[in-house]
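Colleague: turn this into a model:
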Amino acid sequence: MNVRKFLTNSPLDKLLDGGIECGVITNVYGPAGSGKSNICLTSLLQAKNKTLYIDSEGSFSLDRFRQIGGDEKKLKNIIFIDVHTWKDQYEQMIRLDKIIQKDKIDIVIVDSIVSLYRLELDNTDKEKVSRTNMQLGAVYSVLSRIARERNIPILVTNQVYGSGEDIEPTSKTIARYWSKCLIEFKKLDKDNCRKAIIRKHRSLPEGKQIDFEIYQKGIKEYRKLF
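Modeller: Model (predicted):
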């Protein structure tokens with residue numbers, strides 16, 4: 001069976017042998033400034049129809065969007081959902097079917113899926129923590145169903161915990177269960193250079209990686225000169 005893929009106009013297309021898969025959730029995680037939002041923006045520009053962008057961090061930069069080639073026509077095709085609390089994010093995402101039922105959506109992007117979730121967990125109320133984890137699982141479930149039913153890609157960004165080489169995505173168990181593709185972003189010593197590493201994939205080897213550079217017009221593969 002041939003799997004339809006969606007181009008991101010970035011080195012991820014080479015890493016993933018043609019782009020992110022339609023019908024599943026692709027989860028990109030890494031520290032702040034590692035390029036996650038840039039991948040979201042370059043992906044938006046590849047859509048021919050409408051896109052859905054859920055912003056929980058105020059991370060959408062109109063200046064950057066225009067810098068990499070976005071115009072008013074592309075901007076008008078983006079359905080924005082701006083959320084400021086976990087309760088708002090959860091309620092909005094649980095009813096995504098109703099929000100997008102009348103539109104032909106090419107890609108759904110959530111940047112980030114866990115920033116407000118983490119704030120909600122910042123307490124010692126075990127019942128609240130359990131409820132919030134159940135809600136996050138429900139959100140992933142909705143996204144997964146939309147991906148399958150519409151055969152479109154779902155791209156979510158995730159934060160990390162840990163240090164050094166022991167880095168894991170936030171809500172590791174939930175994220176790994178629902179995401180068919182997990183990609184870790186790392187910062188490199190050279191300014192604006194990053195590394196993308198496949199940590200989970202249905203058909204590609206774990207550990208496959210590519211270095212990339214964030215520059216004025218977008219993202220390109222970074223090749224070391226020896």
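Colleague: ok, the helix or strand of the chain with the lowest mean pLDDT: who's next to it in the sheet?
Modeller: One helix or strand of the chain scores below all others by mean pLDDT, DSSP states H and E: strand 160-163, with a mean of 76. Using DSSP bridges, strand 160-163 pairs in its sheet with strand 166-169 (antiparallel).
Colleague: export only the CA atoms of the partner strand, formatted as PDB.
Modeller: Included here for strand 166-169 are C-alpha records, laid out as PDB according to Å, rounded to 0.1, in the frame of the first residue of the first chain:
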ATOM      1  CA  ASP A 166      18.600  11.700  28.400                       C
ATOM      2  CA  ILE A 167      16.000  13.800  26.600                       C
ATOM      3  CA  GLU A 168      12.400  12.600  26.300                       C
ATOM      4  CA  PRO A 169       9.300  14.200  25.000                       C
END
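Colleague: mind listing residues that contact it?
Modeller: Strand 166-169 has contacts (CB atoms under 8 Å, 6 or more residues apart in numbering) with 27, 29, 31, 158-162, 175-176, 182, 184, 186. (C-beta placed from N, C-alpha, C; glycine too.)
Colleague: the same query, at a cut-off of 6 Å, please.
Modeller: Applying CB atoms under 6 Å, 6 or more residues apart in numbering, the contact partners of strand 166-169 are Tyr29, Asn158, Val160, Tyr161, Gly162, Ala175.
Colleague: next, the buried residues of that strand.
Modeller: Of the residues in strand 166-169, Ile167, Glu168, Pro169 count as buried by neighbour count, 16 or more other CB atoms under 10 Å.
Colleague: which secondary structure state is assigned to the residue minimising distance to the centre of the chain?
Modeller: Central residue of the chain (CA atoms, centre = their mean): Val156, 2.5 Å from the mean position. Three-state call for Val156 (DSSP: H, G, I helix; E, B strand; the rest coil): strand.
Colleague: contacts only, for it.
Modeller: Asn27, Val110, Ile113.
Colleague: what is the nearest of the contacts of strand 166-169 to Ala196?
Modeller: Tyr29 (10.7 Å; CB to CB).
Colleague: turn the contacts of Val156 into a markdown table, including neighbour count and distance to Lys220.
Modeller: Putting the contacts of Val156 into a markdown table (neighbours: other CB atoms under 10 Å; distance: CB to CB, whole Å) gives the following:
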| residue | neighbour count | distance to Lys220 |
| --- | --- | --- |
| Asn27 | 26 | 23 |
| Val110 | 27 | 25 |
| Ile113 | 29 | 27 |
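Colleague: where do the helices of the chain begin and end?
Modeller: Ranges of helices within the chain are 12-15, 36-44, 62-67, 72-76, 86-94, 96-100, 115-120, 126-150, 172-178, based on DSSP state H.
Colleague: what's the most buried one of the ones you listed?
Modeller: Among the helices of the chain, the stretch with the highest mean neighbour count (mean count of other CB atoms under 10 Å) is helix 36-44, at a mean of 25.
Colleague: so for that one, mean pLDDT?
Modeller: Mean pLDDT, helix 36-44: 97.
Colleague: need the CA coordinates for it. PDB is fine.
Modeller: What follows is helix 36-44, C-alpha atoms only, in PDB (Å, rounded to 0.1, in the frame of the first residue of the first chain):
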ATOM      1  CA  LYS A  36      10.000  23.300  15.700                       C
ATOM      2  CA  SER A  37       7.900  26.300  14.900                       C
ATOM      3  CA  ASN A  38      10.000  26.900  11.700                       C
ATOM      4  CA  ILE A  39       9.000  23.400  10.500                       C
ATOM      5  CA  CYS A  40       5.400  24.300  11.200                       C
ATOM      6  CA  LEU A  41       5.600  27.400   9.100                       C
ATOM      7  CA  THR A  42       7.400  25.800   6.100                       C
ATOM      8  CA  SER A  43       4.700  23.100   6.200                       C
ATOM      9  CA  LEU A  44       1.900  25.600   6.100                       C
END
